[in-house]
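**Student:** any chance you can model this:
(chains A, B, C and D)
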2 protein chains.
Amino acid sequence: MLNQSAGLDRLFHALADPARRAIVERLSRGPAAVSELARPLPMSLPAAMQHLEVLQAAGLVRTQKVGRVRTCAIEPKALSLAEQWINARRVSWERRLDRLGEYLKTMESGGDGDGADR
Amino acid sequence: MLNQSAGLDRLFHALADPARRAIVERLSRGPAAVSELARPLPMSLPAAMQHLEVLQAAGLVRTQKVGRVRTCAIEPKALSLAEQWINARRVSWERRLDRLGEYLKTMESGGDGDGADR
DNA sequence: TTGATACTTAGGCATATGCTTAACCAATCG
DNA sequence: CGATTGGTTAAGCATATGCCTAAGTATCAA
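**Tutor:** Residues are numbered from 1 along each chain as shown, chains lettered A, B, ... in the order given. Below is the predicted model:
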């Protein structure tokens, strides 16, 4: 899986802001121009642009300029990186809880069993 | 589902740092004391503590002090909030791509169909 | 009670973020 | 051409983050 740490940094950081999530939410319903994305946000256009740049740096958004209009769209694959990390954690702790369950059953039936957690 | 925006802010922000993810990774394999979590990190103990505080504020980690040792554990439920948000996005854009597919099929068979995207 | 261990708090500092306003280009439009 | 529209760049500023060192506090061990 390789570490991919910097990518996760950028990805989670990009998602850690309501304005940026709002942009992603809007874009998951279809492409939009920069000013269209900025309009509903409580900030200036340049500020919204900076958020867009963060999203692009995270690979979440792809843009393309035609004439004087820049059209933005989500990059669905980007989110799956975050998803995978979260899933990996879940697998990890579920396995642990299973082992704990086994251990408790062993206890019950009077065995000794090295259940050392560390 | 209600907005839950502040919670997502804290959650994603907490995950947007390699040291904090390392802590979560360690804890998904089982509970640990503060100093045990700090040891592998390239920083001082107080710095590690601050990361721990961020994780607690995000609801990702629960701690409990016994004697002079504070033991930390993950709160599996916390991650599911992030997961849900990501899933919701996916559902949204998959529906959209389906509609787009339908539209293209309609085109193909010569129909007109209002496929306006906006 | 003395000392070591395991955190905690406080203060300070460098850099990063988020935002603003004020220009500045580049395609349209009249 | 000259004015608009849509976007971009630049500079500046306030606050937030991330880290450190130094100085506590509270067990536990001898």
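**Student:** helix or strand: which one has residue A:29?
**Tutor:** Residue A:29 belongs to no helix or strand when assigned by DSSP states H and E.
**Student:** and the gap between it and residue A:75?
**Tutor:** Using C-beta to C-beta, to the nearest Å, residue A:29 is found at 15 Å from residue A:75. From N, CA and C alone the C-beta is placed, and that goes for glycine too.
**Student:** same check on residue A:84?
**Tutor:** Where residue A:75 is concerned, residue A:84 sits at a distance of 15 Å (C-beta to C-beta).
**Student:** ok, and does the helix or strand hosting residue A:106 reach over to chain B?
**Tutor:** Secondary structure from DSSP H and E places residue A:106 in helix A:76-108. Yes - using C-beta under 8 Å from any C-beta of the partner chain, helix A:76-108 reaches chain B at A:76, A:79, A:82-83, A:85-86, A:89-90, A:92-93, A:96.
**Student:** give the contact list for the closest residue to DNA strand D within chain A.
**Tutor:** Of all residues in chain A, the one sitting closest to DNA strand D is residue A:35 (2.8 Å; C-beta to the nearest atom of the strand). By C-beta atoms under 8 Å, 6 or more residues apart in numbering or on different chains, the residues touching residue A:35 are residue A:45.
**Student:** how about the residues of chain A near DNA strand C?
**Tutor:** A:13, A:16-17, A:19, A:42-44, A:46-47, A:50-51, A:54, A:67-69 (C-beta under 7 Å from any atom of the strand).
**Student:** for the residue nearest the centre of chain A, give me its contacts.
**Tutor:** With distances taken as C-alpha atoms, centre = their mean, residue A:82 lies nearest the centre of chain A, 3.8 Å away. Residues in contact with residue A:82 (C-beta under 8 Å, 6+ apart) are A:8, A:11-12, A:15, B:82, B:86.
**Student:** look up how far residue A:99 lies from it.
**Tutor:** According to C-beta to C-beta, residue A:82 and residue A:99 sit 27 Å apart.
**Student:** what do you get for residue A:78?
**Tutor:** 34 Å.
**Student:** could you do residue A:63 as well?
**Tutor:** Counting by C-beta to C-beta, the gap from residue A:63 to residue A:99 is 47 Å.
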